[in-house]
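Participant: Just need the structure, nothing else, for what follows:
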Amino acid sequence: MTNHRPLFMQPAGGDPDNTYTGTEMRALFAAAYPYQGVIRMAPGAYLVAQRGAGANLSVDVAAGYAVVTGDDVAGQGNYLCWSDATYNLAMPAAPGSGTRFHRVGLRVKDKLANGTWTTYEFIPDVVQDTGAGFPAEPASFITLAQASITAGQVSYQTAQLTDLRQPAEVIQGATRAANSAQNKTTTLTGDTVLTVPVAASATYEFRFNLYAASASTTSGFKLGWGFPSGATGNYQGISTNAAGGSFFAPVSLATVTTGLVGGTANADYGSWFSGIIQTGATPGSLQVQYAESVADAANGAYILAPSSLTLTRIA
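Facilitator: Below you'll find the predicted structure:
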């Protein structure tokens, strides 16, 4: 076992300089961000988009901060990758037939860890589909998007770019600054504000503080969840107006809860929910969904500010 010197210790006068390896410096990033991904995804960091100056055989990669885990060699550590301007990335031309699905991401090139490289840098990069389908993610690389192109196409446009960014933060959240639109049907509506990204193959604890209202004396409030394909989990809650009592035992994320709010303009300030979500191979988002329990076209159910959704990654 090696006890590494704590970072940034300054020697006293007359003592030799303290030196640190790159791996020891990267331990700081691993402690702050143990999982690789994009930092502060919501504002669009490292979003892959159609070329802003006009669609062609390239894509724009937005500026941002990201963490990439080096896995060329064991114990390589986490790299902080920072870009302060949009990067235009050249992309492959269309194939002679069929469709290709290319992987766009950030690649760390560290010559010390991988002698294939001649530099010490990171770059936006593309891993090409050569005909076998969406290629595997290489070492020391994080995926930002899938970019598809079909025979005969001469540019990459928005519809061909699938966002595959995953969050690096351990704790994420969203809060409503204003009330949602009313949903006057029993069909669940996804709340675009109370939507928090989740990484693939990860486990999160979540808490949802719900301030809700139903403008109807009969309809009530219905709560559901949106989540990525392959994800599983459960949730439980406490609500002053919950049917059958103030508490309900854990149920699957796929279960819709009804009757949370009733009464004209009745705000329910006593609803708290907690749960677990475990994702599969597909990243995505955990999203709050809402509707009326019973249809009342003249009124509606809505989520009030400052309802909040907070996720903590635990694995």
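Participant: Quick one: low-confidence residue ranges for the protein.
Facilitator: Along the chain, the parts satisfying pLDDT under 70 run over 1, 42, 215-219, 240-246, 261-270.
Participant: if we go to 80?
Facilitator: Judged by pLDDT under 80, the chain has its weakly predicted residues at 1, 41-43, 213-220, 239-248, 259-270, 296-299.
Participant: now the helices for it?
Facilitator: 22-32 (DSSP state H).
Participant: how does it divide into domains?
Facilitator: Annotated domains of the chain cover 22-163, 171-313 [automatic domain parsing].
Participant: could you dump those domains to TSV with distance to residue 10 and mean neighbour count?
Facilitator: All C-beta atoms are positioned from the backbone trio N, CA, C, and that covers glycine. Converted to TSV, the domains of the chain look like this (distance: least, C-beta to C-beta, whole Å; neighbours: other C-beta atoms under 10 Å):
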stretch	distance to residue 10	mean neighbour count
domain 22-163	15	17
domain 171-313	32	18
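Participant: Make JSON lines from those domains and add distance to residue 12 to it.
Facilitator: Compiled in JSON lines, the domains of the chain are given as follows (distance: least, C-beta to C-beta, whole Å):
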{"stretch": "domain 22-163", "distance to residue 12": "21"}
{"stretch": "domain 171-313", "distance to residue 12": "39"}
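Participant: what about these, which gets the closest to residue 9?
Facilitator: domain 22-163 (11.3 Å; C-beta to C-beta).
Participant: Between its first and last residues, how far does the closest one reach?
Facilitator: 31 Å (C-alpha to C-alpha, to the nearest Å).
Participant: repeat for stretch 292-311
Facilitator: First-to-last residue span, stretch 292-311, C-alpha to C-alpha: 26 Å.
Participant: same check, this time on stretch 56-71
Facilitator: 33 Å.
Participant: Quick check: nearest residue in space to the residue nearest the centre of the chain, chain neighbours excluded?
Facilitator: Computing the C-alpha centroid of the chain and ranking residues by C-alpha atoms, centre = their mean puts residue 197 first, at 2.8 Å. Take residue 197 and drop its neighbours on the chain: the residue closest to it by C-beta to C-beta, 6 or more residues apart in numbering is residue 167, 4.7 Å away.
Participant: is the one you found in a bridge, and if so with what?
Facilitator: Beta bridges link residue 167 to residue 38, judged by DSSP bridges.
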